[in-house]
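Engineer: pasting a predicted model and its sequence here:
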Amino acid sequence: MDLNERLRKIEEDLSSKSEAIKRRLHETLSQDDRRMAEAFEKSGAGAVAVNPAVAAAMPRPDLVSARVDLSSAATLRMLDGLMESAFEVGRHLGGSMQAYPTTYCETPREYAQPILAGMPMPDAQREQVLRQMEATAGQDPPAGLLTSLGVHIPGVGCFINGWRIGQIRNLSPREVFRVPEASAQVLATAAHEKWGHGFIAELTACGKEKQSVQLGMNHLAAAFGLRTVDTPAHARLAQQWEILFHSSHYVEEGFATWVERYLVESMADQHPHGKTLLRHAPTFEVEAIAKALSRLPNGGPCVHQLGALFSPQAPLSVDGIHAALQRLIAAAEDLDGAFAQAVGMPAPYAIGYCLMDAIARRHGPKCVPYAVATACNIQYDLAGVSNQDLREYVETHPSLNVNTRLALQMYFRSETLDDVRTFLKRAREELGLASPKT
Ligand SMILES: [Zn+2]
């Protein structure tokens, strides 16, 4: 057999092996979907145990028995595997998300209860809020908290609102896993919550600091319009959260949206319902956003600011980038709901996605989580700093503003893509951004 012949044989052999692997994977995933559906059918309330870490965080264990722990489902384990292999999070950040649970909730109460569990309010008030929320479940849309499809609870894990995902499609929460469209939404939501918001909270410096002062729960309380207790300490925390929220919102939602798309895209080839998966993970481009906004009667300023920030003619100075981003955020806020109507998602998701995408193009996608960890590599001494100082720091010091720290990383270009160590070194030396612990 001559060399060409041998090479051809090897190629054939490899291609049939890779087909076999793909087939096996496809079968495993289909079995997994079936297994999940069967587990629900057999379960009845209380038959499937909730993850012990989640149960431990609940003050009322009698209320949690019907939740289903999805963490060991093959499709979700595949998400984790992709994250570990594509980004080597364990290797470069020295932390792990392995113990982080993903829980599927079948009723409004199951979903709302863990969110309310950590909020500073008396038990009687908590129960009253839950009852009020349950009462809105028949309306379309239901109350604020119940319209969300998933939530990351700092220090606890992520919860998927199976009840709402089913309600939108007229399915029971147990039928959701039998319908590709609906089960794809579960997966995309889990990617967004766990590997987007969960990653920032568990593995970055300012995420961890926010958790340590209970800012995470305040964030949820404010995001869902839940009234908690009125004390000066709480008012101080609520204001602190608002200041930090504003200076990191584009990084939070931008990264969660980007990583959701990245993971779903990576799975789409191997998943039995790949195309359906992609429909649930949006993607954005600066040009398309500008075009959509230019059709709005008052979209001009936002289009102009998009051009200033994303223009290839940059670099601006560090102060110039900070000012351009602040102006863009203000212009998008002025558009209010019209932005999401024109573009499909609110500005922090869509423009935040574009910031991540620009970094992926210039440094390789593997560098994106590290750009985020670098942007979030700040500690504010939240227990000691006054709110007035904190506001001034994030507004006037570009290096203390998470959104700006991320945007700065768009303006240099790596010679070799996906080279994390060199990328971090250059961000440190050229932008003065300390590297996250590696
Ligand atoms: Zn989000």
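Structural biologist: Yes, it's here. Residues are numbered from 1 along each chain as shown.
Engineer: in the stretch 1-150 of the chain, where is pLDDT below threshold?
Structural biologist: Counting by pLDDT under 70, the stretch 1-150 of the chain contains low-confidence residues at 1-4, 6-66.
Engineer: tell me where it has strands.
Structural biologist: Assigned by DSSP state E, counting those that start in this stretch, the strands in the stretch 1-150 of the chain fall at 68-69, 102-105, 150-153.
Engineer: how many other residues sit next to Arg295?
Structural biologist: Residues near Arg295, counting by other C-beta atoms under 10 Å, number 9. In short, each C-beta sits where N, CA and C put it, glycine included.
Engineer: quick check: it touching Ala342?
Structural biologist: Yes. Using C-beta atoms under 8 Å as the test, Arg295 is close enough to Ala342 to be in contact (6.8 Å).
Engineer: show me what contacts the closest residue to the ion within the stretch 301-438 of the chain?
Structural biologist: Nearest to the ion in the stretch 301-438 of the chain, going by C-beta to the ion, is Tyr349, at a distance of 7.3 Å. Tyr349 sits next to 253-254, 256-257, 282, 284 when contact means C-beta atoms under 8 Å, 6 or more residues apart in numbering.
Engineer: against Ala434, how distant is the residue nearest to Ala188 when sequence neighbours are not counted?
Structural biologist: Among residues not flanking Ala188 along the chain, His280 sits closest, at 4.0 Å (C-beta to C-beta, 6 or more residues apart in numbering). In this view, His280 and Ala434 are 36 Å apart by C-beta to C-beta, to the nearest Å.
Engineer: and His249, what are its phi and psi?
Structural biologist: The phi/psi pair for His249 (degrees, to the nearest 10) reads phi -60, psi -40.
Engineer: is it in contact with Asn403, as I believe?
Structural biologist: Yes. Contact criterion C-beta under 8 Å: His249 and Asn403 qualify, at 7.2 Å.
Engineer: among the two, which residue is more densely surrounded?
Structural biologist: Asn403 (27 against 18).
Engineer: tell me the contacts of the residue of the stretch 251-400 of the chain found nearest the ion?
Structural biologist: Residue nearest to the ion within the stretch 251-400 of the chain (C-beta to the ion): Ala256, separated by 4.2 Å. Each residue near Ala256 by C-beta under 8 Å, 6+ apart is listed here: 192-193, 195-197, 349.
Engineer: quick one: average pLDDT of the helix or strand containing it?
Structural biologist: In this assignment (DSSP states H and E), Ala256 forms part of helix 232-268. Averaged across helix 232-268, pLDDT comes to 91.
Engineer: name the next helix or strand downstream of that helix, please.
Structural biologist: Using DSSP H and E, the next helix or strand after helix 232-268 towards the C-terminus is helix 274-279.
Engineer: count the neighbours of the nearest residue to Asp140 once chain neighbours are set aside for me.
Structural biologist: In space, and not counting its chain neighbours, Asp140 is closest to Gln167: 7.7 Å by C-beta to C-beta, 6+ apart. Neighbours of Gln167 under the rule other C-beta under 10 Å: 20.
Engineer: and Gln167, what element?
Structural biologist: Assigned by DSSP H and E, Gln167 falls in helix 162-168.
Engineer: and the contacts of that helix?
Structural biologist: Taking C-beta under 8 Å, 6+ apart as the rule, helix 162-168 contacts 104-108, 110-111, 137, 140, 142, 146-149, 171-173, 175-176, 182, 185-186, 189.
Engineer: neighbour count: His280 and Ala434, which is higher?
Structural biologist: More crowded of His280 and Ala434, by other C-beta under 10 Å: His280, with 21 against 13.
Engineer: so what pLDDT did the more buried one get?
Structural biologist: Reported pLDDT for His280: 88.
Engineer: distance of the residue nearest to Ala188 relative to Arg77?
Structural biologist: Look at His280 and Arg77: by C-beta to C-beta, they are 19 Å apart.
Engineer: touching, Asn298 and Phe339? I think so.
Structural biologist: No. In this structure, Asn298 is not within contact of Phe339 by C-beta under 8 Å, at 10.6 Å.
Engineer: tell me which helix or strand Phe159 sits in.
Structural biologist: Applying DSSP H and E, one finds Phe159 within strand 157-161.
Engineer: each with direction, which strands does that strand pair with?
Structural biologist: Looking at strand 157-161 with DSSP bridges, its partner strands are strand 102-105 (parallel), strand 150-153 (antiparallel).
Engineer: how close does Ser71 get to His92?
Structural biologist: Computed as C-beta to C-beta, the Ser71 to His92 distance reads 23 Å.
Engineer: same check, this time on Gln388
Structural biologist: Counting by C-beta to C-beta, the separation of Gln388 from His92 is 36 Å.
Engineer: which of the two has more neighbours?
Structural biologist: His92 (20 against 10).
Engineer: near the ion, which residues of this protein?
Structural biologist: The chain comes close to the ion at residues 253, 256, as judged by C-beta under 5 Å from the ion.
Engineer: quick one, what contacts the nearest residue to Cys354 once chain neighbours are set aside?
Structural biologist: Spatial nearest neighbour of Cys354, chain neighbours left out: Val286 (5.0 Å); criterion: C-beta to C-beta, 6+ apart. By C-beta under 8 Å, 6+ apart, the residues touching Val286 are 306, 310, 354.
Engineer: closest one of the residues you listed to Asp269?
Structural biologist: Using C-beta to C-beta, Cys354 comes nearest to Asp269 of the contacts of Val286, at 24.7 Å.
Engineer: quick one: average pLDDT of the host helix or strand of Phe423?
Structural biologist: Secondary structure from DSSP H and E places Phe423 in helix 420-431. Across helix 420-431, pLDDT averages out at 94.
Engineer: how about stretch 353-362?
Structural biologist: Averaged across stretch 353-362, pLDDT comes to 97.
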